[in-house]
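> Sequence and predicted model, in that order:
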Amino acid sequence: MSFITDPLVYYPISGILWFWHKIFAFLGGLLPWVNDPDSSGIIWALSVIFLVVTLRLMLFWPAAKQIRFSRKMQEMQPKMKELQKRYKNDREKLAVETRKLQKQEGFNPLLGCLPMFIQIPVFLGLFHVLRSFNRMGEAFGQLGMTAEETRNTGNYVFNADEVQSFLDARLFGAPLSSFISQPVEQFQAFVDPGAALDFERWNIIVVAVPLMIVSAVTTHLNARVSLSHQSPAAASNPQAKIMNQLMLWAFPIGILVTGAFWPMAILVYMVTNNLWTVGQQYFLYEKMAKEDDVAALARREEQKALAPKVGVKPVNPKKQRGQSPTGKGGASTSTAASAVATVDESVGAGTDTGESVLGDETASQSASSGDAVPKPGAAPRPGQKPSPPGGQRSRPAQKGSSKPQSKKKKKKKR
C-alpha cells in the first residue's frame, strides 16, 4: 500500500508541514529573542497548528456537505418510515421507492459519506508522519532503528538535518515526538549521541495531560453541539441513542485513556482540530439557519401574494362568466323592466268619461324620449305587455277622483 499512501497521503502532508516550518522559521529568525528558530518548539508547534488549518480549509466543503447530509437525512426520516411501513413485505419495491425519494429530494448518500472517508486517511497520515520522526519503536509502522539511525534518516519531504531539528525541539521542556508511555531508551533519539538527557518523564506529563484534557473537553463540546441540532425523531431511535452516548462520553474518555500513547505533536493536532471544529460548526449552523429563515420568509410572501386582500370578497371565475356586459348586477335589465312597467301603468290609466289619456309623468317621459303611445292593435315592442283586443278601454271613475263630474242629472219633478 505504500505506493498509494506515500504519494497521495504521506508526501503531501509532510510537504505542508515543511512549508509552514520554513515560513515560521524565517519569521522567527527576524526576532532577536528567538534562538535557533529551526529547532524551536514553538515554531514547530505553530507549523503543526497551521498544517491542521490548511487541511481543514481543504476539507471545509466536504464538512459542509456532511452537515447538510445529516440535516437532509433528518428531514427525510418521516417519509422513509412511511415507505418502510407501506412496503415492509416487499423489499424490492422498498428499494425502488427509496431511490425515487432520494432522487426527488436531491439526496446523495455517497456524497454525504465522502467527508468521513477523506478525513480518516488525513488523520492517519498525519499521525504516521509525526510519529516517523522517531523510528526507534517496534510497533506497527515503526522500523526499530537505533537513536543514531533515527537522527540520520529522512522523513518523506524532510531531510536528516530537518529531522534532527524536529527531535531537538522542546515544547515547554518536552520533545514534540515524545509521549507519556514511551520507553526511556527511546529518549536517546531526542539528544545528540552520547549526550545527557535534558528532560524527564514528568516534563512530558506536565505538557501532555493538559493537552489531553482540552482535547477530551472539546470533543465532548463538538458532540453536544452536533446532537443539539438533531431532530427528536432521530434522537429517539435506539441505535441513535447508543451512538449519541458514545459521542458524548466514550470518545472523550477514550482520548484521556489513549492519550498516553500519542506523541505530543498529535495532541497539538487534536486540540487544534477540535477547536477548529467548534468554530466551523457554529459558522455552518448559523449560516444554514439564516438560509432556512430566508426560505421560510419567501414561502410566506408567496402565500401572502396568493391570498385575497383584506375586505375583498374572492371572485369566482365561473360566476363572473354569467354576468351581463354592463358589469354590475344587470343594471340595464332592471332599468328596462322599470321603464316597461311605467308604460304599462300609464296606458292602463283613464278618466271617468272613458277617454284614455297618459299621466303627467308618463307624458313627460315620452315627450323627452320622442316615443309615441302605441296604437290599439299594433304589435307590442320588445318587453312591452300586449294590449287587450278591441283597443284601450277606459276605466270607471273611482271615488275620490281629483276631477269631479262636469254635469249632474237633475231630478224630474213629479
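In hand now; what should we look at? Fair warning: this is a prediction, and the values are worked out from it, not measured in the lab.

> quick one, phi psi at residue 176?
Here is the backbone geometry of residue 176 (degrees, to the nearest 10): phi -70, psi -20.

> my read: it touches residue 40, true?
No. Using C-beta atoms under 8 Å, residue 176 is not in contact with residue 40, being 10.6 Å away. C-beta: built from backbone N, CA, C; applies to glycine.

> Now do the shared contacts for these two.
Shared contacts of residue 176 and residue 40 (C-beta atoms under 8 Å, 6 or more residues apart in numbering): residue 169.

> of those two, who's got more company?
residue 176 (26 against 23; other C-beta atoms under 10 Å).

> ok, now how distant is residue 12 from residue 283?
Distance check for residue 12 against residue 283: by C-beta to C-beta, to the nearest Å, it reads 26 Å.

> Of those two, which one has the most company?
Each of residue 12 and residue 283 has its neighbours counted (other C-beta under 10 Å); residue 12 has more, 18 against 12.

> Show me what counts as buried in the strand or helix carrying the more buried one.
Using DSSP states H and E, residue 12 sits within helix 11-29. Within helix 11-29, the residues scored as buried using 16 or more other C-beta atoms under 10 Å are 12, 13, 14, 16, 17, 18, 20, 21, 24, 25, 28.

> does the last one really touch residue 43, like I thought?
Right, residue 28. Yes. With contact defined as C-beta under 8 Å, residue 28 reaches residue 43; the gap is 5.1 Å.

> shared neighbours of these two, anything?
Common neighbours of residue 28 and residue 43 (criterion: C-beta under 8 Å, 6+ apart): 34, 37.

> Name the residues linked to the residue lying closest to residue 204 once chain neighbours are set aside by a beta bridge.
Excluding the flanking residues, the one nearest residue 204 by C-beta to C-beta, 6 or more residues apart in numbering is residue 174, at 4.6 Å. Legend: beta-bridge partners of residue 174 under DSSP bridges are residue 171.

> for residue 221, what are its contacts?
So residue 221 contacts 274, 278 (C-beta under 8 Å, 6+ apart).

> Tell me which helix or strand it sits in.
helix 201-228.

> State the mean pLDDT of that helix.
Helix 201-228 comes out with an average pLDDT of 93.

> quick one: buried residues of it?
So helix 201-228, judged by 16+ other C-beta under 10 Å, has buried residues 203-204, 207-208, 211-212, 214-216, 218-223, 226-227.

> just checking, next helix/strand downstream of it?
Later in the chain than helix 201-228, the nearest helix or strand by DSSP H and E is helix 232-235.

> just the angle between the helix or strand following that next one and helix 201-228, please?
Downstream of helix 232-235, the first helix or strand assigned by DSSP H and E is helix 238-245. Put simply, helix 238-245 runs at 140 degrees to helix 201-228, going by axes from the mean of the first three to the mean of the last three C-alpha atoms, to 10 degrees.

> what residues does helix 238-245 touch?
Here helix 238-245 has contacts from 223, 227, 230, 234, 235, using C-beta under 8 Å, 6+ apart.

> Against which helices or strands is the helix holding residue 12 packed?
helix 41-58, helix 109-131 (3 or more C-beta pairs under 8 Å, 6 or more residues apart in numbering; DSSP states H and E).

> what's the least confident stretch among those helices?
Here the lowest mean pLDDT among the helices and strands packed on helix 11-29 goes to helix 109-131, at a mean of 77.

> Just the C-alpha atoms of the next helix or strand along the chain from that helix, please, in PDB.
Past helix 109-131, further along toward the C-terminus, the next helix or strand under DSSP H and E is helix 147-151. This file holds the C-alpha atoms of helix 147-151, laid out as PDB (Å, rounded to 0.1, in the frame of the first residue of the first chain):
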ATOM      1  CA  ALA A 147      19.000   6.500  18.100                       C
ATOM      2  CA  GLU A 148      21.800   7.400  15.700                       C
ATOM      3  CA  GLU A 149      19.900   5.900  12.700                       C
ATOM      4  CA  THR A 150      16.800   7.800  13.600                       C
ATOM      5  CA  ARG A 151      18.600  11.100  13.700                       C
END
